[in-house]
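Novice: next comes the sequence, and after it the predicted model I'd like to discuss.
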Amino acid sequence: MEQRLQACSHYCEHKKAKKYVPEHSAWVYLNKHIVMSMYYLLKTKSGCNLYNALKRLMFPVYKRYYSNNNLGIFLTTSCNLSCLNCQTSARQAPANDFMSVGQMKGVVNEAINLKYYWNRIYLTGGEPTLHPHLFEILDIVKIYKDFNPGCVIILETNGVGNKAQAVLNKLPDWVLVYNSNKIEGKNTYGFSTYNVAPKDTLEYKFSDFSKGCKRLVSSYGLCASMYGYYPCSPCMNVDRVFAFDVGIKKLSLVNEKALREQMRILCSCCGWFKERHIEKVLIDVISESWEKAFAEYRKQKPKLSQLNSWPD
């Protein structure tokens, strides 16, 4: 039986990404010099932002970003820290949502039936050691590990607290641990400006968000959560806070069209879409769209539809 070599082959073509080159090169040349003239005339921060915004409009580069053949499983929104600008919004939009055992069975069984051969599976959150049924979840993940022995299983943790340490000490040998070794009670760890929506900035507001960003090939890959499948976990958290409710409820429904429609909506709010998202800051930076979303969240936590569970 043919093995699936790319976990997201539904929406990934196995060839190099190509740049879109407009046909009218003279017009491109003229546009380029108009923009460059504006840039030199406006040697200010606002001028640079205007130049970049115009450049994105006039010279669109259509890239197809590829899966790195990994899967991130977002087990819980619960966290024992509240770090600044965290991409799980544990500080501004705390929650205690968990992926159920039935949903985990659905992820694994559907992956096996569809013959998805992932290189790595990341168990993440939130803080995954806070999941009340973590070891039942691991028993189900082991079924996939037996199906695909070459898959590396990695649990991500902040390592904070006695409970986390007790769980980590009981993990089976086939689970690797990435421990960021944060300190209990310290919440000033810097993250990039995730809560600055690109659609709120002049430089990025006209971008084609359906292209996604480079994170799609530099991190976990596809994200499975209690709300469905997403291009990545930061996209999932955007959906959780803004309540777009666009999670894909079955792995068999994951395809390029569906993922690009998700990115069109979710990446417009994700601060990691910005090219300079790696710059970490030690204060909370929140743009207008996120301020409104957090205000609505505090009034009433949204109820998103759930990922399909596997019938017993």
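Specialist: Okay, I see it.

Novice: please count neighbours and contacts with C-alpha atoms only from this point.
Specialist: OK.

Novice: how about the closest residue in space to Ala224 that isn't next to it in sequence, secondary structure?
Specialist: Leaving aside its sequence neighbours, Ala224 sits nearest to Ile73 (CA to CA, 6 or more residues apart in numbering; 4.8 Å). With DSSP: H, G, I helix; E, B strand; the rest coil as the basis, Ile73 sits in strand.

Novice: right, and Ile73 touches Gly126 too?
Specialist: No. Counting by CA atoms under 8 Å, Ile73 sits too far from Gly126 to count as a contact (11.0 Å).

Novice: so who does Ile121 touch?
Specialist: Ile121 makes contacts with 70-73, 151-154, 220, as judged by CA atoms under 8 Å, 6 or more residues apart in numbering.

Novice: closest to Ala166 out of those residues?
Specialist: The closest of the contacts of Ile121 to Ala166 turns out to be Ile154 (CA to CA; 17.2 Å).

Novice: which element is the closest one on?
Specialist: strand 152-157 (DSSP states H and E).

Novice: show me where the stretch 51-200 of the chain has strands.
Specialist: 70-76, 120-125, 152-157, 175-179, 191-192 (DSSP state E, counting those that start in this stretch).

Novice: what pairs with the shortest one, parallel or antiparallel?
Specialist: In this case it means strand 191-192. strand 280-281 (antiparallel) (DSSP bridges).

Novice: how many neighbouring residues does Lys301 have?
Specialist: 16 (other CA atoms under 10 Å).

Novice: got it, and Lys145?
Specialist: When neighbours are defined as other CA under 10 Å, Lys145 has 20 of them.

Novice: pretty sure it is touching Cys151, no?
Specialist: Yes. Assessed by CA under 8 Å, Lys145 is found in contact with Cys151 at 6.3 Å.

Novice: is Val246 in a helix, a strand, or coil?
Specialist: coil.

Novice: can you tell me, leaving aside adjacent residues, what's nearest to it?
Specialist: Gln262 (6.6 Å).

Novice: contacting residues for the residue nearest to Ala224?
Specialist: If you count contacts by CA under 8 Å, 6+ apart, Ile73 has them with 121-125, 223-225.

Novice: so which of those residues comes closest to Thr88?
Specialist: Gly125 (7.5 Å).
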